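Asks: Take a look and give me a structure for this.
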Amino acid sequence: MPHPTGPTNPELAKLIEELRRLKTPFHLKLVKHLAKPARSKHGVTLFKINKIAVEGDNVFVPYKVLATGDLNKRVNVYAWRYSATAKNKIAKSGGKALKLNDALKDNVKGRIVV
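Replies: Predicted coordinates for the structure are as follows:
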């Protein structure tokens, strides 16, 4: 019996399918990162987000946001998962910590940070 490929999390698989249906280059690039095996996904630190993002930017993280570093810009972060401390630091900077599913509802685009 062949081993299944792709994400085994049903919520993640559903999100990937919804993003694929949109067929825009931005969404397909996000799908490419989300569909990677878990062992090749790395968390993104707030330090990296702070370094790359601009004030008021929308940032997309295909895996987990980690709390290392500080965020001193108001940034909306869309991610699959967050560490608890990272959510608090994002809120303190005036930004929002949102799930990737929320971006689909609002049809938001921005920078993908991996």
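Asks: Mind pulling up the pLDDT for R39?
Replies: Confidence at R39, expressed as pLDDT, is 86.
Asks: ditto for S83
Replies: pLDDT at S83 comes out at 96.
Asks: for the lengthiest helix in the chain, what is the average pLDDT?
Replies: In the chain, assigned by DSSP state H, the helix with the most residues is helix 10-22. Helix 10-22 shows a mean pLDDT of 93.
Asks: buried sites along that helix?
Replies: 12, 15-16, 19 (16 or more other Cβ atoms under 10 Å). Quick note: C-beta positions are derived from backbone N, CA and C, even for glycine.
Asks: Repeat that for stretch 58-66.
Replies: Using 16+ other Cβ under 10 Å as the test for burial, stretch 58-66 gives 58-63, 65-66.
Asks: As JSON lines, those with secondary structure and distance to T5 would be great.
Replies: Shown next, in JSON lines, are those (DSSP: H, G, I helix; E, B strand; the rest coil; distance: Cβ to Cβ, whole Å):
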{"residue": "N58", "secondary structure": "strand", "distance to T5": "30"}
{"residue": "V59", "secondary structure": "strand", "distance to T5": "29"}
{"residue": "F60", "secondary structure": "strand", "distance to T5": "24"}
{"residue": "V61", "secondary structure": "strand", "distance to T5": "23"}
{"residue": "P62", "secondary structure": "strand", "distance to T5": "18"}
{"residue": "Y63", "secondary structure": "strand", "distance to T5": "18"}
{"residue": "V65", "secondary structure": "strand", "distance to T5": "26"}
{"residue": "L66", "secondary structure": "strand", "distance to T5": "27"}
